[in-house]
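Asks: Provide a 3D model corresponding to the input given below.
(one chain, ligands or ions: 1)
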Amino acid sequence: MDSFTLLTLGPVVPVIVLTDAGVAPELGAALVAGGIKVLEVTLRTKAALAAIRRLREEVPDAIVGAGTVRNRAHLEAALEAGAQFAVSPGLTPELAAAARGTRVPFIPGVATPSEAMRAEDEGFSVQKLFPAESVGGIKLLQAMASPLPELRFCPTGGIHAGNAGAYLALPNVLAVGGSWLTPEPLIAARDWAAITRLAAEAAALRRNEPHA
Ligand SMILES: O=C(O)C(=O)C[C@H](O)[C@H](O)COP(=O)(O)O
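Replies: The predicted model follows:
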């Protein structure tokens, strides 16, 4: 699968922060039950790699990736844990080289036209706009569409149920990412029904076709 196909399975990619890998299977199952199956587990916590492993083993309908991949070692550890895709908040030459050597989709983060052009030069035309709301959000994506027509984006950072639909209506947006489907208080309370409801609302959002 390539990054384009992966993101068209969205339309929302939950950014999941877990401190306890033990809840990963139930959390993943709750998201999948709501219709959200492309799941990004950030490598920001010690539990992240174990969470990726548990999701791969116990939630077969999910497509599980690693977020916050900042260097070659992160990427290798994520793949070793079974990650099926990787996302980064940015891009370095080292990370680009490492990602090109793997068979899983890799989505680099960009925040400006120059970064987007550099990432495209490195071979990545599907990119994460991060942090989307802070760097210009919808207006930036609209402004980049004409000069950078071949690029497609997964905006992340500051996106929520209230603005996700407006992002998804943009022709150069394939999916959006965000943490709003998996709030820490709901995970702590193990309120899987509430997370399934948030996922179902997100899954009901539709992208503006076509994107090709
Ligand atoms: O961890 C990463 O790789 C990141 O790039 C950061 C996340 O994408 C954002 O923290 C999600 O943003 P919010 O939805 O505003 O919480």
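Asks: residues in this structure within reach of the ligand, list them.
Replies: 15, 42, 44, 67-68, 87, 89, 130, 156-159, 177-179 (Cβ under 6 Å from any ligand atom). Backbone N, C-alpha and C define where each C-beta goes, glycine included.
Asks: filter those to the buried ones?
Replies: Neighbour-count burial (16 or more other Cβ atoms under 10 Å) applied to the residues of the chain next to the ligand gives 15, 42, 67-68, 87, 89, 130, 156-157, 159, 177-179.
Asks: Three-state assignment for K128, please.
Replies: What DSSP: H, G, I helix; E, B strand; the rest coil gives for K128 is strand.
Asks: any weak-confidence spans in this structure?
Replies: Where the chain drops to pLDDT under 70, the residues are 207-212.
Asks: what about T5, which SS state?
Replies: Applying three-state DSSP: T5 is helix.
Asks: before we move on, what about the one 10 residues further on?
Replies: Secondary structure assignment for V15 (three-state DSSP): strand.
Asks: T156 is in contact with that one, correct?
Replies: Yes. At 6.6 Å, V15 counts as touching T156 under the criterion of Cβ atoms under 8 Å.
Asks: give me the common contacts of these two.
Replies: Common contact partners of V15 and T156 (Cβ atoms under 8 Å, 6 or more residues apart in numbering): G177, G178.
Asks: ok, G90 - contacts?
Replies: So G90 contacts R70, P108, G109, V110, A111, E115, F130 (Cβ under 8 Å, 6+ apart).
Asks: do P105 as well
Replies: M1, D2, S3, L6, G65, Q84, F85, A86, V126.
Asks: for those residues, which two are the farthest from each other?
Replies: Greatest spatial distance in the contacts of P105: Q84 and V126, 15.0 Å, computed using Cβ to Cβ.
Asks: quick one, strands of this protein?
Replies: 12-16, 38-42, 63-67, 85-87, 106-107, 109-110, 126-129, 152-153, 176-178 (DSSP state E).
Asks: reformat those as JSON lines; add distance to L205.
Replies: Output for those, formatted as JSON lines (distance: least, Cβ to Cβ, whole Å):
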{"stretch": "strand 12-16", "distance to L205": "7"}
{"stretch": "strand 38-42", "distance to L205": "14"}
{"stretch": "strand 63-67", "distance to L205": "18"}
{"stretch": "strand 85-87", "distance to L205": "19"}
{"stretch": "strand 106-107", "distance to L205": "19"}
{"stretch": "strand 109-110", "distance to L205": "22"}
{"stretch": "strand 126-129", "distance to L205": "17"}
{"stretch": "strand 152-153", "distance to L205": "16"}
{"stretch": "strand 176-178", "distance to L205": "8"}
